[in-house]
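Colleague: fold the following.
(2 chains)
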Amino acid sequence: MPGVLPPTPSQTVGPFYGYALPFTGGGDIAPAGHPDTVTVHGYVRDGNGDPIPDAVIETWQAAPDGSLAGLPGSLRRDPVTGGFLGRNGVDFTGFGRVATDADGYWAVRTLTPPDATPYLSVCVFARGLMHHLYTRAYFTDDIPAGPLAELPAARRATLLAVPESDGLRRFDIRVQGERETVFLDFR
Amino acid sequence: MSSAELTQDHISAEIAERHEAVAKAVAEGARAPHHPPRDFTPYRSSILRHPQQPLIAVDGDPEAAELHGPVFGVTDVTDLDADLTRQHAGEPLGERITVTGRVLDRHGRPVRGQLVELWQANASGRYAHQRDQHPAPLDPNFTGVGRCLTDDQGQYSFTTVKPGAYPWRNHLNAWRPAHIHFSLFGTAFTQRLVTQMYFPGDPLFPYDPILQSVTDQAARDRLVAAYDHSLSRPEWSLGYRWDIVLDGPAATLPDPEENH
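Modeller: Here you go, the predicted model:
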């Protein structure tokens, strides 16, 4: 259904979001100490293969029980100091946000998404990027029928959070060039 | 050519070329683009940071996780977050302003109870960020970060100071018009938006490749707040209004207003 209002245009996040967007525990999506915690980690690289040290990665996913309702409390605050308390250690909010480090590296610790939506939805922001990019980090190489399953195998492979060891999956994001990550469009 | 040798005239000519190409396409029947192209080369940092493969449309999957999105609540903000002039022991320097508006989806429905985040330079045009080397003074009474939740009408409101313009190194003598960065969530992750709000009548608009990356004039105008005298408070602050419309689909949920 076409919209009735023209949208507000996107603009780049720029280089100076660092004291505004990242928050303590932004990558700690799994409840503290949860035995099934999975770390998803990787590097963000540009068209030269160089690290992007000023990207922000956001992830959104269903809870293990399949719920897509989410819960508040991702950036729980301390009303005394105005600082961050970290999550409450129990609720699964479904949302993560981390900035890449000087090496373009990022990591989130979360729980495996359910079979119905077996992926983290990943949103990439960076200086130089006018409009954020969506991709998905699939926890299965059996992508259900649809436009993503029809991609050539080499491109489809960029959507896989590759298991490295127990509780560790690798998901690199190549914004441009060789093995460029598949990015998604929602209308 | 290094950025120190690259003149404003050169960048302005590149901007004009891109705008003309879009105007021609629109004259031939294309839809005017709402969002900037990701490969807007007058903004040099975009050159190695945009995908060259087309995006893959995944519309039509009613089960997509992205049709839902993160939610926030009273634990995620504190009372002081919406007033950037009260976050330190003293008051910041600069012109005190309020910025108010509504967050709507593209059907005009208010986005209720959602997180709005903003960040900005101080009145001198300096960010509280170690990598900002602009030799303008830091203000010990201003960090430049705010958050709030929208109310039942989708309204947000912040008190802050008007940010200054500042130089950057895209090209020789490059200056950013005064702006406030905004980050917004809708009811779906597809509606996520990070953008910048500008102030009316800024003479730097035509020179700025970031604002001009939005190639359609009507779309650019939607990034500029309106001065609203009815929002100015006597002996206190100047008021600006800026409504935000989030793009992108959401899960089809009944509109609570239709139940009344």
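Colleague: is chain B within reach of stretch A:165-173?
Modeller: No. Judged by Cβ under 8 Å from any Cβ of the partner chain, stretch A:165-173 makes no contact with chain B; its nearest approach is 10.4 Å. Any C-beta I mention is one placed from the backbone N, CA and C, and that applies to glycine too.
Colleague: send me stretch B:236-243 as CSV with only the CA atoms.
Modeller: Extracted in CSV, the C-alpha atoms of stretch B:236-243 (Å, rounded to 0.1, in the frame of the first residue of the first chain):
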residue,chain,number,x,y,z
TRP,B,236,13.6,32.0,27.8
SER,B,237,13.9,30.2,24.4
LEU,B,238,13.2,30.1,20.7
GLY,B,239,11.0,27.4,19.3
TYR,B,240,11.5,25.2,16.3
ARG,B,241,9.1,22.6,14.9
TRP,B,242,10.2,19.5,13.0
ASP,B,243,7.9,16.6,12.2
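Colleague: how many neighbours does the residue nearest to A:T110 when sequence neighbours are not counted have?
Modeller: Closest residue in space to A:T110, ignoring its immediate chain neighbours: A:I29 at 4.0 Å, by Cβ to Cβ, 6 or more residues apart in numbering or on different chains. Counted with other Cβ atoms under 10 Å in any protein chain shown, residues neighbouring A:I29 total 27.
Colleague: got it, and B:T100?
Modeller: 17.
Colleague: ok, now B:A30?
Modeller: B:A30 has 11 nearby residues by other Cβ under 10 Å.
Colleague: ok, now B:E20?
Modeller: By the measure other Cβ under 10 Å, the count of residues near B:E20 is 11.
Colleague: look up which residues are beta-bridged to the residue nearest to A:D172 when sequence neighbours are not counted.
Modeller: Distances taken as Cβ to Cβ, 6+ apart place A:G42 nearest to A:D172, at 4.1 Å, with adjacent residues excluded. When assigned by DSSP bridges, A:G42 has beta-bridge partners A:W106.
Colleague: give the contact list for A:G42.
Modeller: A:105-107, A:170-173 (Cβ atoms under 8 Å, 6 or more residues apart in numbering or on different chains).
Colleague: going by neighbour count, list what's buried in the strand or helix carrying B:E17.
Modeller: Secondary structure assignment for B:E17, by DSSP states H and E: helix B:8-27. Within helix B:8-27, the residues that qualify as buried by neighbour count (16 or more other Cβ atoms under 10 Å in any protein chain shown) are B:8, B:11-12, B:14-15, B:18-19.
Colleague: and stretch A:122-137, by the same measure?
Modeller: For stretch A:122-137, using 16+ other Cβ under 10 Å, the buried residues are A:122-137.
Colleague: how about it, does it get close to chain B?
Modeller: Yes. Judged by Cβ under 8 Å from any Cβ, stretch A:122-137 and chain B are in contact via A:123, A:125-134.
Colleague: before we move on, the earlier item: out of the contacts of A:G42, which end up buried?
Modeller: A:106-107, A:170-173.
Colleague: show me which strand runs longest in chain B.
Modeller: strand B:96-105 (DSSP state E).
Colleague: counting by contacts, list what the following helix or strand past that strand packs against.
Modeller: Sequence-wise, the next helix or strand downstream of strand B:96-105 (DSSP H and E) is strand B:115-120. Under the contact criterion of 3 or more Cβ pairs under 8 Å, 6 or more residues apart in numbering or on different chains; DSSP states H and E, strand B:115-120 touches strand B:145-149, strand B:155-161, strand B:179-184.
Colleague: could you redo the last one with a cut-off of 6 Å?
Modeller: strand B:145-149, strand B:179-184 (3 or more Cβ pairs under 6 Å, 6 or more residues apart in numbering or on different chains; DSSP states H and E).
Colleague: give me the mean pLDDT for the shortest one.
Modeller: Spelled out, that is strand B:145-149. Across strand B:145-149, the average pLDDT comes to 98.
Colleague: need the contact list for the residue nearest to A:T110.
Modeller: A:96, A:108, A:110 (Cβ atoms under 6 Å, 6 or more residues apart in numbering or on different chains).
Colleague: for those residues, give me CSV that also has secondary structure, pLDDT and neighbour count.
Modeller: Shown next, in CSV, are the contacts of A:I29 (DSSP: H, G, I helix; E, B strand; the rest coil; pLDDT from 0 to 100; neighbours: other Cβ atoms under 10 Å in any protein chain shown):
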residue, secondary structure, pLDDT, neighbour count
A:G96, strand, 98, 26
A:V108, strand, 98, 24
A:T110, strand, 98, 25
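Colleague: which member of the residues you listed is positioned nearest chain B?
Modeller: A:G96 (9.1 Å; Cβ to the nearest Cβ).
Colleague: so how far is A:R109 from that closest one?
Modeller: Using Cβ to Cβ, to the nearest Å, one obtains 8 Å as the distance from A:G96 to A:R109.
Colleague: next: A:T100.
Modeller: 16 Å.
Colleague: quick one, helices of chain A?
Modeller: A:153-156 (DSSP state H).
Colleague: what segments of it are strands?
Modeller: Using DSSP E, strands in chain A cover A:38-45, A:55-60, A:95-99, A:105-110, A:119-126, A:133-138, A:162-165, A:168-170, A:173-174, A:184-185.
Colleague: could you give the number of residues near B:A123?
Modeller: B:A123 has 22 nearby residues by other Cβ under 10 Å.
Colleague: can you pull the pLDDT of the closest residue to it other than its chain neighbours?
Modeller: Spatial nearest neighbour of B:A123, excluding adjacent residues (Cβ to Cβ, 6+ apart): B:G94 at 2.7 Å. On the pLDDT scale, B:G94 is placed at 98.
Colleague: surely B:G94 and B:S124 touch.
Modeller: No. Using Cβ atoms under 6 Å, B:G94 is not in contact with B:S124; the gap is 7.9 Å.
Colleague: contacts only, for the closest residue to B:R222 other than its chain neighbours.
Modeller: Of all residues not flanking B:R222 in the chain, A:T8 sits nearest, at 5.5 Å (Cβ to Cβ, 6+ apart). Applying Cβ under 6 Å, 6+ apart, we find A:T8 in contact with B:195, B:222, B:244-245.
Colleague: among the residues you listed, which one has the most neighbours?
Modeller: Counting by other Cβ under 10 Å, top hit in those: B:V245 with 25 neighbours.
Colleague: and that one, which of the three is it?
Modeller: strand (DSSP: H, G, I helix; E, B strand; the rest coil).
Colleague: where's it relative to A:T8, distance?
Modeller: 5 Å.
Colleague: swap in A:Y138?
Modeller: 31 Å.
Colleague: low-confidence stretches in the chain?
Modeller: With no chain named, the answer covers chain A. Low-confidence segments of chain A, defined by pLDDT under 70: A:1-3.
Colleague: the intended chain is chain B.
Modeller: Along chain B, the model assigns pLDDT under 70 to residues B:253-260.
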